[in-house]
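In: The following block contains a protein sequence and its predicted model.
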Amino acid sequence: MTQRGRYIAFEGWEASGKSTQAQLLAKRLDAVLTREPGGTDLGERIRELLLGDGPPPTERAEALLFAADRAQHLAEVVEPCLAAGRDVITDRSYGSTLAYQGYGRGQSVEELMNLAEWSSGGLLPDKVILLTVEAELADKRLGPQRDRMESENVAFARRVIDGFIQLASEDSRRWVIIDGVGSVEEVAERVNAVVEAR
Ligand code: TMP
């Protein structure tokens, strides 16, 4: 029987370096690299609805669109790859819903967790790697070109960042916090150490 692949998610505030680190780890493990929102054709369309300059969704509609993207992503990409024995590295997962829509927007984290579990059919990442950077540093890294979420104010950023830390501390078996400050190589070494240690 084929051994199931590993399912690893990267999480963090904007410009935390998670996309770069997700790419590097996927290459190193020869894993499937994917992302939320996006990762499927339908998901890329949902991503455009969520982050493009079209009409902004209400807070609940926003949460549901992220959930719809996740449902499609899990069914079409993640589960089949894991079942075929491939490791899957995803750039964001359910943690972003809890941090952004929950802690950031102020919606019930408990209800959002139920929604995340329902939309993913109960399949959560085996490991979540949270890359941390200060809100001010991330703001500098981001520059002037920003999507709808990146244009949120620093108070929103702080709530999301603190929310991520809270989530990691409540589920330390699944979540691990990695300092995202340093060169790409330095941070990659920290990530590798965590993945090797498993
Ligand atoms: P990114 O792919 O550049 O990180 O952009 C995705 C954006 O979507 C980012 O601002 C975080 C946000 N997001 C949520 O608010 N909730 C979610 O569930 C997910 C997956 C992403």
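Out: Received the coordinates, thanks. Numbering: from 1, shown residues only.

In: Might you report the residue contacts of the nearest residue to L82 once chain neighbours are set aside?
Out: Using Cβ to Cβ, 6 or more residues apart in numbering and skipping residues adjacent in sequence, the residue nearest L82 is G5, 4.5 Å away. From N, CA and C alone the C-beta is placed, and that goes for glycine too. Applying Cβ atoms under 8 Å, 6 or more residues apart in numbering to G5 gives the contacts 31-32, 81-82, 84-88.

In: report the longest helix in this protein, please.
Out: Under DSSP state H, the helix in the chain containing the largest number of residues is helix 154-170.

In: picking that back up, among the contacts of G5, pick out the one closest to the ligand, please.
Out: Checking the contacts of G5 against the ligand by Cβ to the nearest ligand atom gives V88 as the nearest, at 14.9 Å.

In: Quick check: beta-bridge partners of the closest one?
Out: Beta bridges link V88 to Y7, V32 when assigned by DSSP bridges.

In: Looks like it contacts D30 (just checking).
Out: No. Counting by Cβ atoms under 8 Å, V88 sits too far from D30 to count as a contact (11.6 Å).

In: Between these two, which has more neighbouring residues?
Out: V88 (24 against 8; other Cβ atoms under 10 Å).

In: quick one: the more buried one from E62, how far?
Out: 25 Å (Cβ to Cβ, to the nearest Å).

In: Contact partners for E14?
Out: Per Cβ under 8 Å, 6+ apart, neighbours of E14: 138, 142, 149-150, 157.

In: Quick check: it is in a strand.
Out: No. Using DSSP: H, G, I helix; E, B strand; the rest coil, the secondary structure at E14 is coil, not a strand.

In: any idea how far R28 is from it?
Out: Taken as Cβ to Cβ, the span from E14 to R28 is 24 Å.

In: where along this protein do the strands fall?
Out: 7-11, 32-35, 88-91, 127-132, 175-179 (DSSP state E).

In: I'd like to know which of these is closest to G106.
Out: strand 7-11 (19.2 Å; Cβ to Cβ).

In: Tell me how far the closest one lies from the chain's centre.
Out: Remark: strand 7-11 is offset 7 Å from the chain centroid, using Cα atoms, centre = their mean, to the nearest Å.

In: Tell me what angle it forms with helix 154-170.
Out: Counting by axes from the mean of the first three to the mean of the last three Cα atoms, to 10 degrees, strand 7-11 lies at 150 degrees to helix 154-170.

In: Would strand 7-11 count as contacting the ligand?
Out: No. Using Cβ under 6 Å from any ligand atom, strand 7-11 stays clear of the ligand, coming no nearer than 8.9 Å.
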